[in-house]
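Q: turn this into a structure:
(chains A and B)
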Number of protein chains: 2
Amino acid sequence: MFSFQVEATDAHSEARLGRMVTPHGVVETPVFMPVGTAGTIKGVTPRDVEEAGVQMLLANTYHLRLRPGAEVVAKLGGLHRLMCWNRPILTDSGGFQVFSLAELNEIGDDGVVFKSHVDGSLVRLNPEIAIDIQQKLGADVVMAFDQCPPIPCPRQEVEAAVERTLRWALRCREAHRREDQWLFGIVQGGLHQDLRLHCAERLAEIGFDGYAIGGLSVGETHSEMVDILAAVTPRLPADRPRYLMGVGMPRDILEAVATGVDMFDCVLPTRNGRNAYAFTAAGHLRLRNACHALCDEPLEPGCDCYACRHFSRGYIRHLFLANEMLGPILASIHNLRFFQRFTGRIRDLIREGKMGTIRDEFPVCAAREP
Amino acid sequence: MFSFQVEATDAHSEARLGRMVTPHGVVETPVFMPVGTAGTIKGVTPRDVEEAGVQMLLANTYHLRLRPGAEVVAKLGGLHRLMCWNRPILTDSGGFQVFSLAELNEIGDDGVVFKSHVDGSLVRLNPEIAIDIQQKLGADVVMAFDQCPPIPCPRQEVEAAVERTLRWALRCREAHRREDQWLFGIVQGGLHQDLRLHCAERLAEIGFDGYAIGGLSVGETHSEMVDILAAVTPRLPADRPRYLMGVGMPRDILEAVATGVDMFDCVLPTRNGRNAYAFTAAGHLRLRNACHALCDEPLEPGCDCYACRHFSRGYIRHLFLANEMLGPILASIHNLRFFQRFTGRIRDLIREGKMGTIRDEFPVCAAREP
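A: From the prediction side, this is the model:
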């Protein structure tokens, strides 16, 4: 039902081309998963998402558990049926959200109690509950419940979070039952390489179907992130998928691929799209800018997305200024396609042994952080 | 380039089946035109609109003139190219909007000056300007600039509005040049049958390519509207299209068709869709209601729209409660298709001589006004 194979590796980096088979189809890696937090990629239909070439998407356990609730999703046929997405899905465990978004009332080894942003009620989350919910949602890949410390954070707090994450990882491994789901462990450890490597080793001893690197893209610099990835990714089991959570910008993805990461997720395509920000290989466009008013060009010449095949920048700018929903819809469709074209070219170039040329095709990757 | 033919008439009413040929294709009547105020049917892509079976849509001169401006639309290739809609378009003249929405600074026989809701600047609109703008937008059917009085309104004010509408109609007729556009006149006269018939006769003397009934659906009762239509519609030139502006609910459309109306426009499918209100043949659904939470049925069983083919009511309710854009998108897609299925069945039944059975298929038409 499941398999993962590395089909090619880059001669000059740790980059690798992989093939992941899941109950809902094949995923070629490196793969970028857009985020459908509440069971929908914001602003677009699943048909648009399919047409953008998306192979796999992510949904958030934290949000779906609060609304509509895991039991409701299960009664409506599970997440694939609910959102009409027949390709693979990954659900996170809620760990990142409870530690970064929620109002926490209680935190201990058993888990956390937080205040629901939907109705203010107190909600408990721990390893067993996170796994139970994810089994009800029914994604192809589910994640262990982890404690995600902020950056910066005192070393001893990071150490404690790593140890708790490891205890919770074991409980998740023991609680997980569905054979049609893969369970991934999550490496924490902030910017401390030794803690990261310790966490990775222990997780590998427990044994997971894949390994994620969490707790990055939370405020560190680009080079801090790349340093951690360079040290940690190659030490994760080479025969299992490696997933960098919540990343990111094209440059971040490219650097992470070079360290051996296979999977990515991020809200950037749709969040930025809703805010009139379009990604292109050459850089980015701010679509409200007056310079686009009379422009009859597509968002990105040569792009094969629905938005670029049919509409001018001038029109899309007008839609944003007039607060018309079609503006965010079209920019999101384009950005979703951009990230698929980008990761698709990365796969092509790994296969062809030409990874070094990606920056020529996507000058956006050379851009320094703003 | 243009033609209109009545192909069948109902034996028991004035209802008629027509075929209108325009530079952008054939329209079968009775036809329902959804409204794309600012150059987009709110919340959906033109592909969704085509798939809903929409033959022709309406766009608002008033809004497009203020933003992005008629010259911008012309420079971006005209309205069809701008919004990627290659089927027929009708633009209204702005008359209804300036008299119902705008802050008027000046009103006289030459026209009106109103305050732009976009930037507060003073904007002039009169018959020549309304025609000039509509020629720049490039719709297939354009409307004369009229004065639309409210209901209720003192008779002498309605009389004055009718006379001004007639003077303006003549100026529009003289100002209009594009041979690839049809120009329709607009009958005003409030709830006064004699004023309506007077206005209709004078417009017919000037000679237009079609005749609209304006100034209804502005607060009168259903039976007041039907009485006016029963008196006026059959007296409009029988060989030209007849268009009831801004209507409406299925019941209103059905009654109007029975008096001989061929064309309709209304914001209801998308406005109500955005507000979680779905039309069905049996009645309507309030999609936020708790009764839909676990419902795995589509919005309307048997409906062939994209929303009904793929998604459950339970999911769509969840989307509305979570404020996800996909809720309004799916409800709008369904409602657009509903109005096309409804008017499509009206055409079928006129052809088959069975108009009397429409209420059996669409019990929603029997519903009294709320």
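Q: tell me how many other residues crowd residue A:13.
A: Neighbourhood size, residue A:13 [other C-beta atoms under 10 Å in any protein chain shown]: 17. For glycine as for every other residue, the C-beta is placed from the backbone atoms N, C-alpha and C.
Q: surely it and residue A:353 touch.
A: No - the criterion here is C-beta atoms under 8 Å, and residue A:13 misses it with residue A:353 at 11.1 Å.
Q: what is in contact with these two at once?
A: Residues touching both residue A:13 and residue A:353 (C-beta atoms under 8 Å, 6 or more residues apart in numbering or on different chains): there are none.
Q: helix or strand: which one has residue A:135?
A: Element membership of residue A:135 [criterion: DSSP states H and E] is helix A:127-137.
Q: tell me what that helix is packed against?
A: helix A:61-66, helix A:70-75, helix A:78-83, strand A:141-143, helix A:155-175 (3 or more C-beta pairs under 8 Å, 6 or more residues apart in numbering or on different chains; DSSP states H and E).
Q: buried set for the longest one?
A: Applying a neighbour-count criterion of 16 or more other C-beta atoms under 10 Å in any protein chain shown, the buried positions in helix A:155-175 are A:158-159, A:161-166, A:168-173, A:175.
Q: so which elements touch it?
A: Checked by 3+ C-beta pairs under 8 Å, 6+ apart, helix A:155-175 has helix A:127-137, strand A:182-187, helix A:193-206 packed alongside it.
Q: which other residues reach that helix?
A: Residues contacting helix A:155-175 (C-beta under 8 Å, 6+ apart): A:93, A:109, A:126-128, A:130-132, A:144-149, A:153, A:183, A:185-186, A:188-190, A:192, A:195, A:198-199, A:202-203, A:206-208.
Q: any of those buried? List them.
A: Buried by 16+ other C-beta under 10 Å: A:93, A:126-128, A:130-132, A:144-149, A:153, A:183, A:185-186, A:188-190, A:192, A:195, A:198-199, A:202-203, A:208, out of the contacts of helix A:155-175.
Q: could I get the helices and strands packed on helix A:127-137 as TSV with mean pLDDT?
A: What follows is the helices and strands packed on helix A:127-137, written out as TSV (pLDDT from 0 to 100):
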stretch	mean pLDDT
helix A:61-66	97
helix A:70-75	98
helix A:78-83	98
strand A:141-143	98
helix A:155-175	98
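Q: with adjacent residues omitted, what lies nearest to residue A:94?
A: Using C-beta to C-beta, 6 or more residues apart in numbering or on different chains and skipping residues adjacent in sequence, the residue nearest residue A:94 is residue A:62, 3.8 Å away.
Q: apologies, that question was intended for residue A:96.
A: Going by C-beta to C-beta, 6+ apart, residue A:96 has residue A:148 as its nearest residue, at 4.9 Å.
Q: hang on, the earlier thing: export the helices and strands packed on helix A:127-137 to JSON lines and tack on distance to residue A:272?
A: Converted to JSON lines, these look like this (distance: least, C-beta to C-beta, whole Å):
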{"stretch": "helix A:61-66", "distance to residue A:272": "20"}
{"stretch": "helix A:70-75", "distance to residue A:272": "28"}
{"stretch": "helix A:78-83", "distance to residue A:272": "22"}
{"stretch": "strand A:141-143", "distance to residue A:272": "24"}
{"stretch": "helix A:155-175", "distance to residue A:272": "30"}
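Q: longest single helix anywhere in chain A?
A: When chain A is parsed with DSSP state H, its longest helix is helix A:326-352.
Q: and the residue at minimal distance from the centre of chain A, backbone torsions?
A: Residue closest to the average C-alpha location in chain A (C-alpha atoms, centre = their mean): residue A:265, at 1.4 Å. As for residue A:265, its main-chain torsions (degrees, to the nearest 10) stand at phi -140, psi 150.
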